[in-house]
Structures are given as structure tokens and as C-alpha cells.
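> my questions are about this predicted structure, shown below with the sequence.
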Amino acid sequence: MLNTLIIELAEAEGALMRLIGLVERRGYMIGTLDKSEAREGQSTITLQVTPRDAARQLDVLIRQIGRLMDVRAVFTPEIAAAEAAHASYHWRQACPPRN
Amino acid sequence: MTALPANDSLTEAKTAPAPKTAKQTGAHAVVRTLEALGVERVFGYPGGAIMPVYDALTGSSLQHILVRHEQAAAFAADAQARITGKAGVCLATSGPGATNLLTGIANAYMDSVPMIILTGQVPSGLMGTDAFQEVDVFGMSMPVVKHSIIIRDPMRIPEMIAEAFEIAEGGRPGPVLIDLPKDVLQAEAYPTLPPEPRPAAGPSRASDADVAAATALLTQSKRPVLYIGGGVALGRAVDAVRDFMGRTGIPAVATLKGLGCPHPDAENFLGMLGMHGGRAANVAVDECDLLVCCGARFDDRATGRLDSFAKGARIIHMDADIAEIGKLRAADAAIAGDIADALARMDPGYLDIDPWRETCRERKARHAFRYDAPGNGVFAPAMLKELSEAAGDDFIAACDVGQHQMWVAQHCRFARPESHLTSAGLGAMGYGLPAGIGAAMERPDAKVVTISGDGSIMMNIQELATARRYSVPIRILLLDNASLGLVRQWQEYFFDQNFSEIDLYDNPDFAEVAHAFGIEAFTVHSRDEVPGAIDRLLNARGPILAHVLIDPRENVWPLVPPGASNADMMED
């Protein structure tokens, strides 16, 4: 099953490698990867991912991505941007903040 | 004998405080920043790329502990962090120094321990050229760090190190690696230091609706169980858990890392669950209708076969890290954030669970561990129980990995979670000795005992030199069964008694080894020597090692076979 993830990522050294590594390590194959040009120190990554087995849950992956310090927001096309901003805020509260 | 050239000037240069006009470098900024952030001790080992920092350490208030292998620096810093709740700091050079740290970094990551790892790196211009002692530790460590950075600009050193501490200690703690290219360390730099340590942000407060939903599940339950993990201690929720247990009377079980969170004498505490958990704990979880998971993560060693774990129960999952909720088991109610706060706000009133509580208590009494082993050989479970009871509330066990680790978890009494230092998630043999050193340096008045086996101790035995060098008040209880006991036990039951590569018949005489390092040591051969040995260990002022010979056939019971349900445990 193909899932699309949209990630707002800070332009920090290693940020992309960390993101890709996490997605692979947590049991997903990356089908396509698109990175936007950076604007104001941030770029948008669009990934199409497929779980390696049926037990993998996308919402868990989304929260694991949301834990990364360089990730500003993560959402799927089904989640409106406004909701994503809220969810991201929620994750930052649960996880350590980054100034 | 030829007279050596006078070296007064050299000595003077090393001991004299740096004049105010001295050139300040990135390395000085590193050291001054650590001082400003309140760091008192770092564990490390010098080498080429990190030498500027070692140069800047001269005259610093930081106490540098020279270990004999970088892995030990990480383990010692980890143990200190587990006791204080503040990030431990370790330091090594590039290349092999950095790779030697990796096991220790992974250990801290798996157990959510706040740690700062400073690694030297080859100069920026040589990075990516396969330079001497260059490895990409930034890349290599990514799967086992909470975060990592390479500092490229010496002017940003204070700010970036301060931020690393905030990340390491905030939310769900973890290790943060800081890679320091040598040219950045050597560059002249006068950055502004962080004014004072900034407290890490606490976890969020659960919403009223989430607390109400969890409380409603509690009031409906007839057979609830609290499942307590390491997140309780990390979230400073130990008192809240104890208070909650007292208020509600709900029976509780603990994971390996959760031990010490419930009061050890609490009558509703049923002990450790999981692969080597007690029957009372595992059966209670198997029969419960509500599992209240506090800071635990449904680890396979705790759950056994996941689809049969608490199979009839609804789940309340409380964790500071929202990514843990629903990872392995769906939650019926979730509290992502401050566990202590949420527990304090959960007031289910009177719970009609008296019959359940009685069943659990009765089972706890019926299946209590027995210590009446036949023969005159040392029975390790009994010795560990007596040792921890004799040490009292000041007992701190720094455990290695293997059968002895499980015996410690089963039979020792832990007044607080920080009384039990163990490599839980990673299961890293070699943790015990350096962890004991880190713990004893931080708490010299406590009764710190490294409990190790003849397999584990050899993984970091060089640290006897560190214990001797700093006269660390560490007691080492070495349980020697001349084999890799836990592997042998699995081979006995799950590999048709094909005992492959577990026989350590050719171990050295460990008491003699300790003597060679200048450490007091003695050997215990039989049960009647145990009381005297415990006295001698606990009353020692410096490092001491008791080499205790035990029966190689002794096993850890109960045991849940791999892949089986916790209810199907094997017993002696």
C-alpha cells in the first residue's frame, strides 16, 4: 500500500539522512522522494512509502518522524495543513522543543 | 644516570592558570561552556583530533576521569546520568575513539538516558577524504542518538552545546552527539558563554478529557493492573506512582527498568513481569481486564508473545513520548505527556476490586521465591537478596548482563529506581564495571556494588585500573560459573543441549587479576563464607572484588520460552 507523507524539514546538516534512515529503519520502503528548494531555512520533502509488512502502522511512523528535531511538521495529503500545524505543536509538547 | 633536562618550565606552564590575555580557542569554548552549564565531571580518553580539548582542560574546574577504553567512558557517564537525571558527558577522539563509544551510545538510547557525547573529528577540510582516524561518527550514530550535530563555527559552540543539553534532558531523554572538527577546536574564538544552565522543558499536561477517559476505564474495571516501566523514573513520577498505588490499591508489576518505582515492600507490588518475571506478576497481567501502562513500551522481553499479552484487557497507555503510544498495542485511552501530573489527577474513587486484590496477594505469597537450595555451594539468588538487604536503602546495583542480571532483578531490594543500574534495552555485557565506577564517583557514600559474571567482567575488565587510579569506592561481586550461563541455559532448553562455545573453563583467577591491578580481592567457595563476604564488601572503603564460585548448572527461573505466552512459563 502506497502512502504519501509530506514533511517540513529544517535545512540542517544530516536532516535528510536522518529522515530517510528513520523511514527505512522503521520498516518502510521509499518509492519516491521529492525535495523542494529551501526557503527561509526550510524545505518540503514528499515521500511515497510502502510498509514492509502488514503490522506497520502509518500513524506510528508519522509520530516517529515528528520526534526528529529537524522536522517542523509532518502530514499526509488527507490531513489539512492547519491540522498538521496543530499536531506538530502537540508533538513538540510531548517531545523536547527546539528553539 | 643521565640527568634529565630541567622541566620546571614545562610543569609551570601546565599548572599555572592561563593568563587573561591568552589566546582562546574553540576548545576553550567547549570547556568553558561545559563549566557554565554546571558539568562537574567528564569521562574520556584522549587522542589526536580531540587533543585541543584536552589542552584546554588544564586549569578547568571539570574533573576528567581517564578510563581505559572509550566504551567505559560512555557507560560510566550513562550510570551517572541515571542517578542524577542530568546528562552525563563523555569525550573521545575521532575514528576508533568514536567507534568505541557506539555501544555506550546505543545503550543510552535504548534506555532513554540523557548523555552528551563529544567526539573529536579530523579537520573540516579533510572530512570526506578518508583521512587518518576519520570515520563518519555523525552518520554511524544516527540510528542510536536522539539528535546529533557537527559544529562548524567556533562562535556557535556555547549555543549549540547548551541546546544539545536541552535536547538530551528534555521530554524523553536520550544521547546527543556533538562532533567537533579539529580546526574548529583550534580556531581562535571568543564566543559569549551561555549565562546559566537552561532547564529542560517538561512534558506537556494531559487534557482533562484524556484524564477523564482514563479514569472512566478505571472505574469500570474489576481486575486492573499497573504496568510500570522506566518512563516513570525518567518522568520523575515515582512518588506519584507510589501515591496512586496507595490510593487505589491496584496491583502493580514492573519491567526491568521499572524496578524500584513501586515501593519494594508495597503489598500490592507483584514483582517483575516478563521472560524472567514471577508467576504472580505474569498471571495477574494475563488475567487483568485493564492494563494501566505507565512509562513502559510493550518490549518483547516484558510481553512475551504479544498477541496473548493481557489479551482480555483494555489498555491505558501513559508515556512522555507520544510515538510510543499504539506502537505495539493499541490503547483504549492515551495520555501523552506528564505521567506524574496525570496520575495525580486520576481519582477513580472507591474501586470495587477487593476479590482481585486478594487473589493477586495470595498468588504472590504462594509463588514467592524460595532460598532453601540444597547443598553447601553458594546459592547466588540468596546471596544477592542478603547483600541488598544488608546494604539497605543506600544500595546501588550496577549490573552486567546475563543470569546474574536476572537474579539481581528478581531477588534484590531496590528502594528507588536509581538503585538499579542495568543495561535493559541493549543488554550490553560490559556495562557493570564502568557503570559502577560512574555511580560510585557520583555517590561515594552509597553502597555501590557492581554485580557481574565471569563472561561480562572480561568485556571491560581494564576498568579495574580506573577504579584503582581514583580509589573508587566500588564493590565488585563477581559470580563465576565458568560459563556464559544464560546462553548455556537457552542451549539446554531450546537448542537440544548443544552446548556451543559457552565453556569458560580457562578463566583467569579473578582475585589474582584484581590483585595485579592493586585491588583488594578474595574468593568465596562455599555458602558458609557468604555472610563474612557480604560484611567485608559493604565495609570496604576502596575498590574491592569478591570472586564467588557458583554451580554452573544453576539456572534462572521462571523462564518464558521465546515466542511463548507469559502465562506458559517454565519453572524449576
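Thanks, I have it. Numbering: from 1, shown residues only, chains lettered A, B, ... in the order given.

> and the strands in chain A, which stretches?
Counting by DSSP state E, chain A has strands at residues A:3-10, A:28-35, A:42-51, A:71-75.

> do you know the pLDDT at A:D34?
At A:D34, the model reports a pLDDT of 97.

> and A:M1, by the same measure?
77.

> leaving aside the residues adjacent along the chain, what's closest to it?
Leaving out its chain neighbours, the residue that sits closest to A:M1 by Cβ to Cβ, 6 or more residues apart in numbering or on different chains is A:T50, at 6.4 Å. (C-beta placed from N, C-alpha, C; glycine too.)

> repeat that for B:P262.
In space, B:P262 is closest to B:F269, 4.1 Å off (Cβ to Cβ, 6+ apart).

> what's the answer for A:L47, then?
A:L5 (4.7 Å).

> tell me how many other residues crowd the one you found.
21 (other Cβ atoms under 10 Å in any protein chain shown).

> before we move on, back to that, angles on the backbone of the residue nearest to B:P262, please.
Backbone geometry at B:F269, expressed as degrees, to the nearest 10, gives phi -90, psi 120.

> from chain A, how far off is it?
Distance, B:F269 to chain A, using Cβ to the nearest Cβ, to the nearest Å: 28 Å.

> how about B:D394?
Taking Cβ to the nearest Cβ, one finds B:D394 at 32 Å from chain A.

> could you do B:G47 as well?
B:G47 is 23 Å from chain A, by Cβ to the nearest Cβ.

> which non-adjacent residue is nearest that residue?
B:T93 (2.7 Å).

> so the residue nearest to A:M1 touches A:L2, yeah?
Yes: with contact defined as Cβ atoms under 8 Å, A:T50 counts as touching A:L2 (5.8 Å).

> between these two, which has more neighbouring residues?
A:T50 (13 against 10).

> show me what contacts that one?
By Cβ atoms under 8 Å, 6 or more residues apart in numbering or on different chains, A:T50 lies in contact with A:M1, A:L2, A:N3, A:Y28, A:M29, A:G31.

> for beta bridges, what are the partners of the third one?
Put plainly, it is A:N3. A:N3 has these beta-bridge partners by DSSP bridges: A:V49.

> where in the stretch 51-200 of chain B is pLDDT low?
Scanning the stretch 51-200 of chain B for pLDDT under 70 picks out B:195, B:198, B:200.

> can you give me the helices in it?
Assigned by DSSP state H, counting those that start in this stretch, the helices in the stretch 51-200 of chain B fall at B:51-57, B:70-84, B:96-110, B:137-140, B:157-169, B:182-186.

> return the most buried member of those.
Mean neighbour count (mean count of other Cβ atoms under 10 Å in any protein chain shown) peaks for helix B:70-84 among these, with a mean of 29.

> that helix packs against which elements?
Judged by 3 or more Cβ pairs under 8 Å, 6 or more residues apart in numbering or on different chains; DSSP states H and E, helix B:70-84 is in contact with strand B:41-44, strand B:88-92, helix B:96-110, strand B:115-121, strand B:420-421, helix B:432-442.

> can you add distance to chain A and give these back as TSV?
As requested, these are arranged in TSV below (distance: least, Cβ to the nearest Cβ, whole Å):
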stretch	distance to chain A
strand B:41-44	22
strand B:88-92	17
helix B:96-110	12
strand B:115-121	12
strand B:420-421	24
helix B:432-442	24
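
> go through the ones you listed and name the closest to B:S61.
strand B:41-44 (10.2 Å; Cβ to Cβ).

> what mean pLDDT would you report for that closest one?
Strand B:41-44 comes out at a mean pLDDT of 98.

> do the same with stretch B:290-306
If you average the pLDDT over stretch B:290-306, you get 97.

> ok, now which ones touch B:T119?
For B:T119, the contact set (Cβ under 8 Å, 6+ apart) comprises B:50, B:91-94, B:97-98, B:101, B:137, B:177-180.
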